[in-house]
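**Student:** Give me a model of this one.
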Amino acid sequence: MIIKKLFFTLIFLHISTQFAQAEDITERRIGSCVIMPKTNCAGADLRNADLRHAKLGNANLAGADLRGANLVRADLRHANLKGADLRGANLESVQAWAAFLQGAKLNKANLRGGGFEFARLSGAKLIDADLRAANFEMAWFAKADLTRANLTNANVQEAKFYDANFKDAVMDGVFKRYAIFQGAYMEGCELCPHDW
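**Tutor:** Below you'll find the predicted structure:
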């Protein structure tokens with residue numbers, strides 16, 4: 001009987017905690033942009049914004065100015081960041097599964113340990129970007145510029161790098177099984193798969 005009461009008490013506490021956490025969510029605004037899933041902040045000025053742990057899944061941030069923004073551990077799954085300016089932004093451990101980053105500027109951005117599985121990065125600029133230990137499984141990088149990017153220990157399994165630029169990039173320890181590098185430029189690239 002005591003065990004049964006203890007069990008139900010624990011269940012009640014767990015459910016109460018979940019509801020309390022759900023109700024604790026308050027609306028956050030940065031300028032006219034509401035920070036929440038599915039928000040429409042296309043073209044928003046979010047320079048240097050603190051967006052750590054922000055829930056922005058399915059958000060429209062196309063063309064947004066996110067230079068220097070802190071997006072550590074943010075949820076950007078399925079988010080539209082086409083043409084967004086993320087130069088110098090911190091996207092460490094971000095969840096960007098199937099995010100749309102075509103034409104995005106990610107120069108000198110920190111993407112360490114981020115989850116970019118199935119992301120679209122065609123035409124993206126990743127010059128001097130830190131991509132160490134990031135997961136880009138099945139991501140698209142057609143015509144992306146990865147000049148001097150550091151991909152040490154990244155996962156690019158089945159990623160598509162058609163006509164991408166890897167000039168002076170570092171690919172030490174990269175897991176690249178079934179990745180496609182057709183037409184990729186690799187001059188000066190450290191440990192690039194010249195025998196693919």
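
**Student:** now the strands: where do they sit in this protein?
**Tutor:** Remark: strands assigned in the chain by DSSP state E are 28-30, 33-35.

**Student:** name the helices or strands packed onto the first one?
**Tutor:** Same thing as strand 28-30. Under the contact criterion of 3 or more C-beta pairs under 8 Å, 6 or more residues apart in numbering; DSSP states H and E, strand 28-30 touches strand 33-35. Quick note: C-beta positions are derived from backbone N, CA and C, even for glycine.

**Student:** What strands flank the strand it packs on, and is each parallel or antiparallel?
**Tutor:** In the sheet, strand 33-35 lines up against strand 28-30 (antiparallel) (DSSP bridges).

**Student:** got a list of what the spatially most central residue of the chain touches?
**Tutor:** By C-alpha atoms, centre = their mean, the chain has its centre lying nearest to residue 96, at 4.0 Å. Residue 96 makes contact with 76-77, 79, 114-116, 119 under the criterion C-beta atoms under 8 Å, 6 or more residues apart in numbering.

**Student:** residues contacting the closest residue in space to residue 173 that isn't next to it in sequence?
**Tutor:** Distances taken as C-beta to C-beta, 6 or more residues apart in numbering place residue 153 nearest to residue 173, at 4.4 Å, with adjacent residues excluded. By C-beta under 8 Å, 6+ apart, residue 153 lies in contact with 132-133, 172-175.

**Student:** again with residue 157
**Tutor:** By C-beta under 8 Å, 6+ apart, residue 157 lies in contact with 137-138, 175-179.

**Student:** cool, residue 117 as well?
**Tutor:** Here residue 117 is in contact with 97-98, 135-139 (criterion: C-beta under 8 Å, 6+ apart).

**Student:** ok, of these, which one's closest to residue 61?
**Tutor:** Closest approach between these and residue 61, by C-beta to C-beta: residue 98, at 14.5 Å.
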